[in-house]
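Asker: A predicted structure for the sequence below; I have some questions about it.
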Amino acid sequence: MGRMDYLAMKTDPVAEELISSDFNELKLAAKKLIKDSTKLGGLGFGTSFLKWVASFSAIYLLILDRTNWRTNMLTSLLVPYIFFSLPSVLFNFLRGEVGKWIAFVAVVLRLFFPRHFPDWLDMPGSLILLLVVAPNFFAHTLKNSWVGVLICLIIGCYLLQEHIRASGGFRNSFTQSHGISNTIGIILLLVYPVWSLVLHFL
């Protein structure tokens, strides 16, 4: 029995009670979030959620391309995809003063210290520059219309077709090394624009 006493975890009843009450509050908050989001209109919530998923999927693919997924595909198309699919909260944040400072530092590093500016920062730097300097016609009119969604759909279809061709077929795109994550990432690029266009035209 001495061994069992050694393995038994000594817990303070007050701390245990506090933790269990915190978990109960978290459960109630999650239930309330689900209930309120369905009241807001499940379709609109689904579209904004898919927009977040698509943006992070494009960022994931951009990181993969800059690190270990070197292909002959035109992955620079992910920059306009992120531009058109980035959720409004992040878009406005990066288009404001923060984005201007990041773009300023990137330009200064690129111009005056090119040896200290790594190649893998070219695409993120281009994205920040595009977010900051894009005219309002692109940043607000096209981005918030079905035209921006259609551009995202065209980019997603092109990247999927090029990835399947580079993999040697649809089946091979799921069986090669890094194939599953890349293919799923590209398919996630298509989910948001397809869903958004279906809702727009219905």
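Answerer: Nice, I can see it. Residues are numbered from 1 along each chain as shown.

Asker: ok, which stretches of the protein are strands?
Answerer: In the chain, no strands are defined using DSSP state E.

Asker: Of all residues in it, which one is nearest the centre?
Answerer: Phe56 (1.0 Å; C-alpha atoms, centre = their mean).

Asker: if I look at it, how far off is Pro87?
Answerer: 10 Å (C-beta to C-beta, to the nearest Å). For glycine as for every other residue, the C-beta is placed from the backbone atoms N, C-alpha and C.

Asker: do Asn144 as well
Answerer: From Asn144 to Pro87 the distance is 12 Å (C-beta to C-beta).

Asker: pLDDT score for the residue nearest to the centre of the chain?
Answerer: Note for Phe56: predicted pLDDT of 90.

Asker: The one 3 residues further on too?
Answerer: What the model reports for Ile59 is a pLDDT of 87.

Asker: which residues sit in contact with it?
Answerer: By C-beta atoms under 8 Å, 6 or more residues apart in numbering, the contact set of Ile59 is Ile82.

Asker: so how far is Ser85 from Pro193?
Answerer: The gap separating Pro193 from Ser85 is 8 Å, by C-beta to C-beta.

Asker: Show me the common contact partners of the two, please.
Answerer: 54, 152.

Asker: Tell me the buried residues in stretch 134-152?
Answerer: Residues of stretch 134-152 classed as buried by neighbour count (16 or more other C-beta atoms under 10 Å): 134, 138-139, 142-143, 148-152.

Asker: May I have it exported as PDB, CA atoms only?
Answerer: Output in PDB follows, covering the C-alpha atoms of stretch 134-152 (Å, rounded to 0.1, in the frame of the first residue of the first chain):
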ATOM      1  CA  ALA A 134      -3.900  48.600 -52.900                       C
ATOM      2  CA  PRO A 135      -6.400  51.200 -54.100                       C
ATOM      3  CA  ASN A 136      -9.800  51.200 -52.500                       C
ATOM      4  CA  PHE A 137     -11.300  49.800 -55.700                       C
ATOM      5  CA  PHE A 138      -9.400  46.500 -55.000                       C
ATOM      6  CA  ALA A 139      -9.400  46.700 -51.200                       C
ATOM      7  CA  HIS A 140     -13.100  47.400 -50.700                       C
ATOM      8  CA  THR A 141     -15.100  47.200 -53.900                       C
ATOM      9  CA  LEU A 142     -13.700  44.000 -55.500                       C
ATOM     10  CA  LYS A 143     -12.700  42.300 -52.200                       C
ATOM     11  CA  ASN A 144     -16.200  42.600 -50.800                       C
ATOM     12  CA  SER A 145     -18.000  41.500 -53.900                       C
ATOM     13  CA  TRP A 146     -18.500  38.200 -55.800                       C
ATOM     14  CA  VAL A 147     -15.700  39.200 -58.200                       C
ATOM     15  CA  GLY A 148     -13.100  38.800 -55.500                       C
ATOM     16  CA  VAL A 149     -14.600  35.400 -54.600                       C
ATOM     17  CA  LEU A 150     -14.500  34.400 -58.300                       C
ATOM     18  CA  ILE A 151     -10.800  35.400 -58.400                       C
ATOM     19  CA  CYS A 152     -10.200  33.200 -55.400                       C
END
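
Asker: That concludes my questions; thank you for your assistance.
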